[in-house]
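# this one's structure only:
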DNA sequence: AAATTGATGTTATATTATAACATAATTGAT
DNA sequence: ATCAATTATGTTATAATATAACATCAATTT
């Protein structure tokens, strides 16, 4: 479960940030992309692409897989959402632009995803890859388990 | 690229370890499962399920998707291979039974995968999840980039 | 206004994976 | 040794995830 008080605030902030960043970058948050972002932000839980598609179809009957996947690509590229590789699922990014490496706490029980940053983890990853003379490109760190609310 | 001298040794050791562990556990490394394990161990690179299937078909014409996926499931369950979530691909485990949490250095250039353990990473992950009161189940840590051989 | 670029619509299909049921092989109990 | 139960494999079908390719439309630039 998420610890946000009024989730509307989360959604609004996510949309506002996306708009601001798009303006800065000179890319366009079209109506479609905004709609998809909103749908993803319906909760802090992860969502599957075809579930999103079903939701989108309710709004726009003509939506098809490429409709959703293109928007997902755009939103990922610009850092507004993340793909959870171990689940083939998507989740809103709670702090776009701020972070490089993040990790995800995925609750098996309630599907909530907590996005975290840890300088400590970054450092350790960098140092251990360095030891292997490995030139780092992308880090995927996904931790599944049970969140605090679901443990009790 | 892998730094093994004679890859045959890697394969033989992997097969021997698998056999030993299966005996200990009382599960069966059937001919099919052994064949699949061998195919996966053809290199230190990751392999895709349907590529494995194509290889298997050369040996056993009747092989079909469930043939390969069942063997993959068995091999994963018993720790002989790993699934690389960010690639939907599979790779032999270089030290079955020894480790809990591992991470993978995935070379974008040569598809080699180096499987690593780091007590330091484990500790940091455990401590940072602990701070979030998150009961850890499974850690997926996949690092893509360029390996030493491909950097030069 | 024409040309270019970017976004979306649309059809088709590729890729990854599993469900469900049938048959065969192995093991365990009697 | 035989039957029953379990485990493994064979087989068909289909589900779930994702992209290619081309057409059209909209926005931007010249």
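Structure received. Not measured: the values here are computed from a predicted model.

# CA atoms for contacts and neighbours, from now on please.
OK.

# need the residues of chain A near DNA strand D, please.
With C-alpha under 7 Å from any atom of the strand as the criterion, chain A meets DNA strand D at residues A:48, A:49, A:50, A:65, A:66, A:69, A:88, A:89.

# Check for me that residue A:136 belongs to a helix.
No - applying DSSP: H, G, I helix; E, B strand; the rest coil, one finds residue A:136 to be strand, outside a helix.

# distance of it from DNA strand D?
21 Å (C-alpha to the nearest atom of the strand, to the nearest Å).

# was I right about that residue contacting residue B:143?
Yes - look at residue A:136 against residue B:143 with C-alpha atoms under 8 Å: they come within range, at 7.0 Å.

# The two: who's more crowded?
residue B:143 (25 against 18; other C-alpha atoms under 10 Å in any protein chain shown).

# Would you enumerate the residues in contact with the residue of chain A found nearest DNA strand D?
In chain A, the residue that lies nearest DNA strand D is residue A:66 (4.1 Å; C-alpha to the nearest atom of the strand). By C-alpha atoms under 8 Å, 6 or more residues apart in numbering or on different chains, the contact set of residue A:66 is empty.

# Name the next helix or strand downstream of the helix or strand harbouring it, please.
Using DSSP states H and E, residue A:66 maps to helix A:65-77. Using DSSP H and E, the next helix or strand after helix A:65-77 towards the C-terminus is strand A:81-84.

# Could I get the full set of helices for chain A?
A:7-25, A:31-40, A:49-59, A:65-77, A:119-131, A:148-151 (DSSP state H).

# if we can go back for a sec, out of the residues of chain A next to DNA strand D, which touch DNA strand C?
Applying C-alpha under 7 Å from any atom of the strand to the residues of chain A next to DNA strand D, one finds that A:65, A:66 fall near DNA strand C.

# Buried ones only from the residues of chain A next to DNA strand D, please, as a PyMOL command.
Per 16 or more other C-alpha atoms under 10 Å in any protein chain shown, the buried members of those correspond to this PyMOL selection:
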select buried, chain A and resi 49+69+89
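
# give me the number of residues near residue A:126?
16.

# How about the contacts made by it?
residue A:136.

# Could you do residue A:125 as well?
Counting by C-alpha under 8 Å, 6+ apart, residue A:125 makes contact with residue B:121.

# Please list all residues in contact with residue A:133.
Neighbouring residues of residue A:133 by C-alpha under 8 Å, 6+ apart: B:147, B:148.

# okay, it: pLDDT?
You'll see residue A:133 listed with a pLDDT of 95.

# likewise residue A:1?
63.

# Same question for the one 4 residues further on.
At residue A:5, the model reports a pLDDT of 85.

# related to what we said a few turns ago, from the residues of chain A next to DNA strand D, pick the one nearest residue B:15.
For these, the minimum distance to residue B:15 (C-alpha to C-alpha) is 31.4 Å, reached by residue A:88.

# what sits against that closest one?
residue A:48.

# where's it relative to residue A:32, distance?
From residue A:88 across to residue A:32, the span is 22 Å (C-alpha to C-alpha, to the nearest Å).

# now do residue A:45
21 Å.

# Which one's more surrounded, the two?
residue A:45 (20 against 15).

# For residue A:18, see how far away the closest residue to that one other than its chain neighbours is.
Excluding the flanking residues, the one nearest residue A:45 by C-alpha to C-alpha, 6 or more residues apart in numbering or on different chains is residue A:112, at 4.2 Å. Distance, residue A:112 to residue A:18, by C-alpha to C-alpha: 22 Å.

# Domain-wise, how is chain A divided?
As assigned by automatic domain parsing, chain A contains the domains A:7-92, A:103-151.

# okay, those domains in a markdown table with distance to residue B:152 next?
Converted to a markdown table, the domains of chain A look like this (distance: least, C-alpha to C-alpha, whole Å):
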| stretch | distance to residue B:152 |
| --- | --- |
| domain A:7-92 | 29 |
| domain A:103-151 | 11 |
